[in-house]
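S.K.: Here is a sequence with its predicted model. Questions after.
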Amino acid sequence: MQFREDINGLRAIAVIAVVLFHFNSSWMPGGFAGVDVFFVISGFLMTGIIFKGLEQQKFSILKFYMARANRIIPALAILCIILLIFGWFYLSPTEYKALGKHAVSSVGFISNNTYRLESGYFDTSSHEKWLLHTWSLSVEWQFYIIYPIILVLSSKVFSLKMTKRMLLLGTVIGFVFCVLATDKWPTAAYYLFPSRAWEMMIGGVAYLYPSRFGSKQNKALEIMGVLFILGSYFFVTEEDPWPGYLAIFPVLGAFLIIQANSKNSFITGNLLFQKIGAWSYSIYLWHWPLVVAITYFSLSTNFIYIGIISSIFLGYLSNKYIEKIRFLNDFNTPISYLRSKPIIIAILTVSLGLIVYSSNGFFKFSPIEYQNLINASTPSPYRNMCHINEYRDPEKSCEYFGSRITWATFGDSHSTEIAYAMALRLKEKNLGLKHFSFSRCKPSYKEPDSFSVCAKWYNESASYILESEEIKNVIFNHRFTNMLFGGTAENYPVIDEPTVTNEAIRLTKHMDELILKLAESKDNIYIFLPIPELNKNIFKLINDARKSNVSLHDITSTDINWYNKRNNYMVNHFNSANYPNNVHLLDPTDVFCNNEKCFAVRNGIPLYFDDNHPSVLGAVELVKLIK
C-alpha cells in the first residue's frame with residue numbers, strides 16, 4: 001500500500017493523546033481514546049493488504065501473520081526482556097512474579113484477558129503493572145488472526161462485492177453490540193476483542209468505500225474529523241462508560257481523516273507529526289513503563305516531563321534499530337515458519353517470563369521473615385468468587401460457613417476481607433454471613449440505574465437486606481472518601497483536598513436514610529470509618545524496608561494527621577450523625593494507627609494486600625472492634 005502522510009500524522013495525533021493522558025490525565029482527560037484511533041488505522045491498513053491480495057488472488061494467511069509478527073513482536077519482546085532484567089534488580093519477588101506473568105501474556109497476545117481478570121484499566125493498581133498498555137496490542141493481534149480468515153472464507157463462499165457489504169453491516173452490528181456490552185459488562189467491553197472489533201472494521205470500511213468528494217469537501221472532512229477526535233480527548237473522561245456510544249467520536253473522527261486523504265496537510269503532514277507518527281508504535285511501547293516508574297520510585301512531578309521526552313527518545317531508538325530490521329516473512333513450509341527470528345525471540349521471551357513466574361519471582365532466595373510477611377499479605381480466598389464488578393442478582397450473593405445466615409456485609413471492595421474475617425469469627429457459633437460487595441461502587445442508594453454501573457445492584461441488595469427476616473446484623477463499609485471525593489495517598493504527604501459537591505451531599509444524605517432504615521429493622525448496624533490508605537503498595541513498603549535493612553516487624557506509612565485531614569468530611573459526618581443506639585461506629589485507626597503514624601505492618605502482621613484494601617489478617621484485627 002502506498003505510504004500516506006495523513007495516516008502517519010494521524011498516528012501522531014493518537015499516540016500524543018495517550019502519552020499525555022497517562023503522564024497527567026488532567027492535561028487531556030480523554031486521551032485514552034487515542035487507542036481507538038489506532039484501532040481504526042490498523043483496520044484500514046490490514047483491510048487494504050487483505051483485499052489487495054484477494055483481488056490479485058495471491059493472498060496468503062501465513063505470510064500475513066508473519067508480516068504482522070515481524071512488525072509487532074521484536075520491539076515488544078525487547079521491551080519485555082529489558083523489564084525482566086530491570087525487575088531482577090529492583091522489584092520484590094511478588095512484583096517480579098507478576099511481571100513474568102504479564103510478559104508471557106503480552107508476547108502471547110492474551111494480556112487483554114489477563115488484565116480484564118485482574119482489575120479495571122483506571123484503577124490505582126493499574127499504575128503498578130509495567131505492561132498494562134499491551135492489552136491493546138493483544139486486541140489487535142486477535143483481530144489480525146480472525147479477520148483475514150473470515151474475509152477469505154467470505155470471498156470464496158460469496159464474492160468480494162458481497163464481502164464488502166457484509167463488512168459494512170458487521171461494523172454497524174459491532175457498534176450496537178459495543179454499546180450494549182459497555183452497559184452490561186463494562187470491564188469486559190473495555191478489554192476484549194468482540195466489543196472493539198467494530199473500531200477496526202470501520203477502518204476497513206474507509207478503505208473499501210473511499211471518499212469521492214472534491215478537495216474542498218475533503219478538507220472539510222479532515223477538519224471535522226480532527227474536531228471529533230479533539231472533542232473526545234478533552235470532553236470525555238475516565239468516569240464515562242467506555243468504549244460505548246461515546247467511542248463513535250474518536251472512531252468517526254479517524255474515519256473522516258482517512259476518508260479525506262489530505263496531501264500536504266498542515267494538520268497531519270507537518271514534520272513533527274510525521275516523525276512522531278513514524279515512531280508512534282515504539283513510543284507507545286516505552287511510555288507506559290516510564291509512567292509506572294515515576295509512581296513506583298515516588299519521583300517528583302518534574303519527572304513527568306523527563307518521562308515524556310524519554311518516551312520519544314526511546315521510541316526513536318527502538319524504531320531505528322529494531323522496527324526497521326527486515327525479517328524474512330516467506331518460508332517454504334508451515335513448519336519452517338518456526339525458523340522466523342521474531343518467533344524465536346517471542347519463544348525466548350515467553351520462556352524467560354515463565355521461569356520468573358513459576359519460580360515466584362525467585363521468592364525462595366528471600367529472608368524467612370520477608371517471606372512470611374509476603375505470604376501473609378493476602379486477600380480473601382473468596383474475593384474472586386464473591387466480590388463482583390458486574391451485576392449479579394443479590395439473592396445469589398455468597399454465603400459463608402454457618403447454617404443460620406444472621407449477618408450481612410454491604411459495600412464496595414473494602415468490605416470483602418471484612419466479610420471473610422467476620423464469617424470466620426461467626427463460624428464458631430454456627431452463624432453465617434451473606435456477602436454483598438461491588439468493585440468501585442459509590443454509595444448509590446435511591447439513585448437511578450444509570451447513575452453508576454452498580455446502582456441497580458446497590459438498590460436491589462439494600463432492599464434484599466432490609467426485607468430479609470433472617471439477617472439481623474449488618475456491617476456497612478465503603479472506601480467513603482475516595483468514592484465521594486476521589487484522591488488517594490499516592491501524592492502523600494500532599495492532601496487531595498475534597499470538594500464537597502451537590503452530588504456528594506445527596507449521596508451522603510441517601511446513605512444516612514439507608515442506615516436509619518436498616519437500624520429500624522435490624523438488631524445492630526456496624527459502620528467502619530474510612531480505612532487508612534498507604535502511600536505505596538504494601539509489597540513496595542516491605543521491599544523498601546528490606547533494602548534499607550530496617551525492622552520488618554513494624555512498617556509505617558502515612559501519618560495520623562494526614563489521615564484526619566483527608567477524611568475530615570466523612571469522619572465528622574459520621575461522628576455528628578444522629579443515629580440510634582444500635583448503630584455502632586468503628587474506627588480502624590484504633591488498630592491500624594498509633595498517635596503519630598498509620599502502619600502497613602504492625603506487630604509482624606501485614607495489614608494490607610495492596611495500598612488500600614485490608615489483608616485477611618488486617619481484617620481479622622478490624623472485626624475485633626465488633627464487640
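M.R.: That came through fine. Numbering: from 1, shown residues only.
S.K.: rest of the way, CA atoms for contacts and neighbours
M.R.: Will do.
S.K.: can you give me the offset of the longest helix anywhere in the chain from its chain's centre?
M.R.: Counting by DSSP state H, the longest helix found in the chain is helix 61-90. Mean C-alpha position of helix 61-90 versus that of the full chain (CA atoms, centre = their mean, to the nearest Å) differs by 21 Å.
S.K.: what does stretch 476-487 give?
M.R.: Worked out by CA atoms, centre = their mean, stretch 476-487 lies 19 Å from the chain centre.
S.K.: If you count contacts, what does the one helix or strand Gly432 maps to end up packed against?
M.R.: In this assignment (DSSP states H and E), Gly432 forms part of strand 431-437. Contact partners of strand 431-437 among helices and strands, from 3 or more CA pairs under 8 Å, 6 or more residues apart in numbering; DSSP states H and E: helix 383-386, strand 399-401, strand 404-411, helix 416-427.
S.K.: contacting residues around the first one?
M.R.: Spelled out, that is helix 383-386. Residues outside helix 383-386 that contact it (CA atoms under 8 Å, 6 or more residues apart in numbering): Ser397, Cys398, Thr416, Glu417, His435, Phe436, Ser437.
S.K.: Distance of Leu180 relative to Gly170?
M.R.: Using CA to CA, to the nearest Å, Leu180 is found at 15 Å from Gly170.
S.K.: got the contact list for Thr295?
M.R.: Going by CA under 8 Å, 6+ apart, Thr295 touches His127, Glu128, Glu490.
S.K.: among the helices and strands of this protein, which has the poorest mean pLDDT?
M.R.: Between all helices and strands in the chain, the lowest mean by mean pLDDT, DSSP states H and E belongs to helix 538-547, at a mean of 88.
S.K.: Who are the packing partners of that one?
M.R.: Identification of packing neighbours for helix 538-547 by 3+ CA pairs under 8 Å, 6+ apart yields helix 368-376, strand 555-559.
S.K.: what about the protein, any weak spots by pLDDT?
M.R.: By pLDDT under 70, the low-scoring segments of the chain are 1, 119-125.
S.K.: and the strand holding Gly432, which strands flank it?
M.R.: Strand 431-437 pairs in its sheet with strand 399-401 (antiparallel), strand 404-411 (parallel), by DSSP bridges.
S.K.: need the helices and strands packed on helix 538-547 in a markdown table with distance to Ser106 and mean neighbour count, can you?
M.R.: Formatted as a markdown table, those follow (distance: least, CA to CA, whole Å; neighbours: other CA atoms under 10 Å):
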| stretch | distance to Ser106 | mean neighbour count |
| --- | --- | --- |
| helix 368-376 | 26 | 16 |
| strand 555-559 | 33 | 21 |
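S.K.: Pull the number of nearby residues for Asn568.
M.R.: Neighbours of Asn568 under the rule other CA atoms under 10 Å: 15.
S.K.: distance of it from Val583?
M.R.: Separation of Asn568 from Val583 (CA to CA): 20 Å.
S.K.: where does Ile527 fall, helix, sheet strand or coil?
M.R.: Three-state assignment for Ile527 (DSSP: H, G, I helix; E, B strand; the rest coil): strand.
S.K.: do the one 3 residues further on as well
M.R.: Using three-state DSSP, the secondary structure recorded for Pro530 is coil.
S.K.: before we move on, what about the one 3 residues further on?
M.R.: What three-state DSSP gives for Glu533 is coil.
S.K.: Look up the closest residue to it, ignoring the ones flanking it.
M.R.: Asn612 (4.7 Å; CA to CA, 6 or more residues apart in numbering).
S.K.: Return the residues in contact with Ala67.
M.R.: Asn329.
S.K.: Same question for Ala545.
M.R.: Taking CA under 8 Å, 6+ apart, we find Ala545 in contact with Ser551, Leu552, Ile555.
S.K.: ok, now with 7 Å
M.R.: Residues near Ala545 by CA atoms under 7 Å, 6 or more residues apart in numbering: Ser551, Leu552.
S.K.: next one: Glu490
M.R.: Neighbour list for Glu490: Asn535, Lys536 [criterion: CA under 7 Å, 6+ apart].
S.K.: Try it again at 6 Å.
M.R.: By CA atoms under 6 Å, 6 or more residues apart in numbering, the residues touching Glu490 are Asn535.
S.K.: so it, which of the three states?
M.R.: Following three-state DSSP, we place Glu490 in the coil state.
S.K.: now do Gln2
M.R.: Relying on three-state DSSP, one would call Gln2 coil.
S.K.: so how far is Tyr281 from it?
M.R.: Taking CA to CA, one finds Gln2 at 19 Å from Tyr281.
S.K.: If you count surrounding residues, which of those two has more?
M.R.: Tyr281 (23 against 4).
S.K.: host element of the more buried one?
M.R.: helix 271-296.
S.K.: Please give the number of neighbouring residues around the closest residue to Glu140 other than its chain neighbours.
M.R.: In space, and not counting its chain neighbours, Glu140 is closest to Phe39: 7.2 Å by CA to CA, 6+ apart. When neighbours are counted by other CA under 10 Å, Phe39 registers 26.
S.K.: list the buried ones in stretch 349-362?
M.R.: Using 16 or more other CA atoms under 10 Å as the test for burial, stretch 349-362 gives Thr349, Val350, Leu352, Gly353, Leu354, Ile355, Val356, Tyr357, Asn360, Gly361, Phe362.
S.K.: In the stretch 451-600 of the chain, what residue spans correspond to strands?
M.R.: 473-477, 524-528, 555-559, 583-586, 597-602 (DSSP state E, counting those that start in this stretch).
S.K.: Can I get these in CSV including distance to Arg11?
M.R.: Putting those into CSV (distance: least, CA to CA, whole Å) gives the following:
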stretch, distance to Arg11
strand 473-477, 45
strand 524-528, 48
strand 555-559, 42
strand 583-586, 53
strand 597-602, 43
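S.K.: between the ones you listed, which gets nearest to Tyr90?
M.R.: Nearest to Tyr90, of all the strands of the stretch 451-600 of the chain, is strand 555-559, at 19.3 Å by CA to CA.
S.K.: just checking, what packs against the closest one?
M.R.: Strand 555-559 sits against strand 597-602, with contacts defined as 3 or more CA pairs under 6 Å, 6 or more residues apart in numbering; DSSP states H and E.
S.K.: How far off centre is the strand it packs on?
M.R.: 28 Å.
S.K.: Check what contacts that strand and list those residues.
M.R.: With CA under 6 Å, 6+ apart as the test, strand 597-602 has contacts from Asp554, Ile555, Thr556, Ser557, Thr558, Asp559, Ile560, Phe592, Cys593, Leu607.
S.K.: how about JSON lines for those, with distance to Lys219 added?
M.R.: As requested, those are exported to JSON lines (distance: CA to CA, whole Å):
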{"residue": "Asp554", "distance to Lys219": "65"}
{"residue": "Ile555", "distance to Lys219": "61"}
{"residue": "Thr556", "distance to Lys219": "60"}
{"residue": "Ser557", "distance to Lys219": "56"}
{"residue": "Thr558", "distance to Lys219": "55"}
{"residue": "Asp559", "distance to Lys219": "58"}
{"residue": "Ile560", "distance to Lys219": "59"}
{"residue": "Phe592", "distance to Lys219": "62"}
{"residue": "Cys593", "distance to Lys219": "63"}
{"residue": "Leu607", "distance to Lys219": "60"}
